[in-house]
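Participant: below is the structure, and that's it, no one-letter string:
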């Protein structure tokens, strides 16, 4: 299980915190949708869960252990703009093999051809680059994936293709996912339950609601079973 | 009356790699589009399907190593390089993607005023103020810097700059990704209003569902080709009113309409098949599909490049 316990974070010590006491838990075999308006802290929480950001207070645990300092991370992050996720001077094959040996069946599920892997990032479309970014994350066999607006820049067919590859791994119990998106239509088909992060920055009142609405799985106010 | 006609446009790039080895990329082959005054035409398709290149071609912004063939007509006459330069920014305007297209260290009001001056407004300050009020932007917004604008306000500023010369044709390039639902709706409604006031609007987007809320017609692009131009109403139910198998697949891949994936991906521009570009992924593919590229033909109310439609 991936757990966020009492996470507090502010972007600057003089700014009000974006997250004050956030709790979230994700099991293998489930997709938790994280919704809410822009600025509510969805991306920040995602980055903290994946170990990209150090929280001011609180802990991230994977099966009860803190995130490892080195080695393949158990929580992989795929974000909206794959251009920033790969080295522009590496061919896509190098970008892919950096995280392990490519699995042919995964590549075919994601529509990645060997010819595509001979190219540089600037030679392919955003959709093709995102396929590689998803393959890079999934082939590590990390038990958790944070998908932060993973398909927001993609056409519907590519979006469905990438999500089906992810959901296959969820269905087999190998993977748990936090799906961050402003597209609630999408969340309603991919997520097992939905957690809403409300505007958490403006007033004390709203912050109080925020702290509650991201309480753990069993205590989320607007947690609803979707699938 | 048709304002913009793009007929069988193709765009190739010649690239040099490793010394003098040349490589030709056929990034656009057989692109068609029609847009009339008073209508919103949505251009939808995957990234890499040629949507943005179409905009760049019409505005005369293609790089110098691009080779362009085919026909672009504007207002009944050929849109050659000279006319593109004359008309862009005045009669043909581009609404760019994001706030990143604004100067981050110049006040918004000055940027709108500069746009007014560039198109030769005699009183740029007044023209700028009128443009902002027309977009329902509150007084005082002139004094703000781009980073102080909300996503929705930034869109309206970009639209105010693009439309300050009252253009007849507006091309909006991916105006909505990453925006909150309410801001998306506001941006699209705004484009609809511009069309209702008499301009032609080309809305380039990968968000088919959003586009359908305001579009009269839809052009579906795939791998640099227009596979279908059809009425927006054809996108409904199970997609049975759509003529091209790719259009149907796109519709049925939407989360609300089946979330069905399609194996494979678009062919690469330096490795295009000689027949139909969609043949490798098409559920209806027949032998003759692999021989020649299908030409556009009328099927019902649509124009479609498919011999099986």
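Facilitator: Arrived safely. Everything quoted here is computed from the prediction, not taken from an experiment.

Participant: which parts of chain A are strands?
Facilitator: A:2-9, A:19-26, A:31-35, A:57-62, A:65-66, A:75-78, A:144-148, A:176-180, A:193-196, A:224-225 (DSSP state E).

Participant: and among the ones you listed, the most buried is which?
Facilitator: Stretch with highest mean neighbour count among the strands of chain A: strand A:176-180 (a mean of 26; mean count of other C-beta atoms under 10 Å in any protein chain shown). All C-beta spots, glycine's among them, are computed from the backbone N, C-alpha and C.

Participant: return the distance of it from the chain's centre.
Facilitator: Distance, stretch centre to chain centre, for strand A:176-180: 5 Å (C-alpha atoms, centre = their mean, to the nearest Å).

Participant: stretch B:39-58 now?
Facilitator: Its chain's C-alpha centre lies 3 Å from the corresponding centre of stretch B:39-58 when counted by C-alpha atoms, centre = their mean.

Participant: what about it, how long is it end to end?
Facilitator: 18 Å (C-alpha to C-alpha, to the nearest Å).

Participant: quick one: mean pLDDT for it?
Facilitator: When pLDDT is averaged along stretch B:39-58, the result is 92.

Participant: quick one: buried residues of that stretch?
Facilitator: Neighbour-count burial for stretch B:39-58, counted by 16 or more other C-beta atoms under 10 Å in any protein chain shown, picks out B:39-58.

Participant: the bottom helix or strand of chain B by mean pLDDT?
Facilitator: When the helices and strands of chain B are compared on mean pLDDT, DSSP states H and E, helix B:151-162 comes out lowest with a mean of 85.

Participant: chain center to that one: distance?
Facilitator: On C-alpha atoms, centre = their mean, the centre of helix B:151-162 falls 17 Å from that of its chain.

Participant: still on that earlier bit, the buried residues of stretch B:39-58: which ones sit near chain A?
Facilitator: Filtering these for neighbours of chain A using C-beta under 8 Å from any C-beta of the partner chain leaves B:44-49.

Participant: count the residues that sit near residue A:136.
Facilitator: For residue A:136, the neighbour count with other C-beta atoms under 10 Å in any protein chain shown is 22.

Participant: tell me the bridge partners for the residue lying closest to residue A:79 once chain neighbours are set aside.
Facilitator: Nearest non-adjacent residue to residue A:79, counting by C-beta to C-beta, 6 or more residues apart in numbering or on different chains: residue A:148, 4.5 Å away. Here residue A:148 sits in beta bridges with residue A:180, as judged by DSSP bridges.

Participant: wait, residue A:148 touches residue A:42, no?
Facilitator: Yes: between residue A:148 and residue A:42 there is a contact under C-beta atoms under 8 Å: 7.5 Å.

Participant: intersection of neighbour lists for these two?
Facilitator: residue A:180 (C-beta atoms under 8 Å, 6 or more residues apart in numbering or on different chains).

Participant: any idea how far residue B:157 is from residue A:94?
Facilitator: Separation of residue A:94 from residue B:157 (C-beta to C-beta, to the nearest Å): 41 Å.

Participant: more neighbours, those two?
Facilitator: A direct count of neighbours by other C-beta under 10 Å for residue A:94 and residue B:157 places residue B:157 higher, at 25 against 13.

Participant: do you know how far that one is from chain A?
Facilitator: Per C-beta to the nearest C-beta, to the nearest Å, residue B:157 is found 18 Å from chain A.

Participant: give me the neighbour count for the residue lying closest to that residue once chain neighbours are set aside.
Facilitator: In space, residue B:157 comes closest to residue B:108 once its chain neighbours are excluded; the distance is 5.5 Å by C-beta to C-beta, 6+ apart. Residue B:108 has 25 neighbours, counted by other C-beta under 10 Å.

Participant: check residue A:121 too.
Facilitator: Close neighbours of residue A:121, defined as other C-beta under 10 Å, add up to 20.

Participant: go ahead and confirm it touches residue A:81.
Facilitator: No: using C-beta under 8 Å as the test, residue A:121 is too far from residue A:81 to be in contact (11.4 Å).

Participant: can you name the residues that contact the residue nearest to residue B:157?
Facilitator: By C-beta under 8 Å, 6+ apart, the contact set of residue B:108 is B:102, B:141-146, B:149, B:157.
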